[in-house]
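Asks: need a 3D model of the sequence below.
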Amino acid sequence: QVQLVESGGGLVQAGGSLRLSCLASGLSFSSTAMGWFRQAPGKEREFVATISWSGGTIHYADSVKGRFTISRNNAKNTVYLQMNSLKPEDTAVYYCAARPGYSVVGTSPGYWGQGTQVTVSS
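Replies: Okay, here's the model as predicted:
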């Protein structure tokens, strides 16, 4: 079965950096769009970033543009989210998402990870 396992979350001060990783298994990773979403307490889950199977198509939410970078290593079945200049409002559970056969994850990816907590202190 498909599994997406996130890692790399934690507690960081405002202005700091974290890198999230998501290891995928059970799917054809090199033909799957990958992405990241997040959900803050009391809020709905929101899109953060998406990357196509080739890495040629990348989109970000306006709130993270210029601070976050999504990338992937198809040889390692892993997608990354490098988060710089973190702000307290970035505090959320971050979820990896996969959508096989598409160039972007869209609003309804087929698969989700279990999430990893990111907490940014002021």
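
Asks: beta partners of S7?
Replies: S21 (DSSP bridges).

Asks: just the element for the most centrally placed residue in the chain, please.
Replies: Most central residue of the chain, judged by C-alpha distance to the mean C-alpha position with CA atoms, centre = their mean, is W36 at 2.5 Å. In the assignment (DSSP states H and E), W36 maps to strand 32-39.

Asks: what's that strand packed up against?
Replies: strand 18-25, strand 46-51, strand 68-73, strand 78-83, strand 92-100 (3 or more CB pairs under 8 Å, 6 or more residues apart in numbering; DSSP states H and E). The C-beta positions use only the backbone N, C-alpha and C, and glycine is treated the same way.

Asks: gap between it and the chain center?
Replies: 5 Å (CA atoms, centre = their mean, to the nearest Å).

Asks: give me the sheet partners of that strand and which way each runs.
Replies: Strand pairing for strand 32-39, using DSSP bridges, gives strand 46-51 (antiparallel), strand 92-100 (antiparallel).

Asks: CA atoms of that strand as PDB?
Replies: The C-alpha trace of strand 32-39 is given here as PDB (Å, rounded to 0.1, in the frame of the first residue of the first chain):
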ATOM      1  CA  THR A  32       3.600  11.200  -9.200                       C
ATOM      2  CA  ALA A  33       3.100  14.800  -8.300                       C
ATOM      3  CA  MET A  34       4.100  15.600  -4.800                       C
ATOM      4  CA  GLY A  35       3.200  18.400  -2.500                       C
ATOM      5  CA  TRP A  36       2.900  19.800   1.000                       C
ATOM      6  CA  PHE A  37      -0.100  21.100   2.900                       C
ATOM      7  CA  ARG A  38      -0.400  22.400   6.500                       C
ATOM      8  CA  GLN A  39      -3.000  22.800   9.100                       C
END
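
Asks: give me the contact list for it.
Replies: 20, 22, 24, 45-53, 70, 72, 79, 81, 90, 92-106, 109, 115, 118 (CB atoms under 8 Å, 6 or more residues apart in numbering).

Asks: on that earlier part again, S54 versus the closest residue to the residue nearest to the centre of the chain other than its chain neighbours, what's the distance?
Replies: Of all residues not flanking W36 in the chain, V48 sits nearest, at 4.3 Å (CB to CB, 6 or more residues apart in numbering). Going from V48 to S54 by CB to CB, to the nearest Å gives 20 Å.
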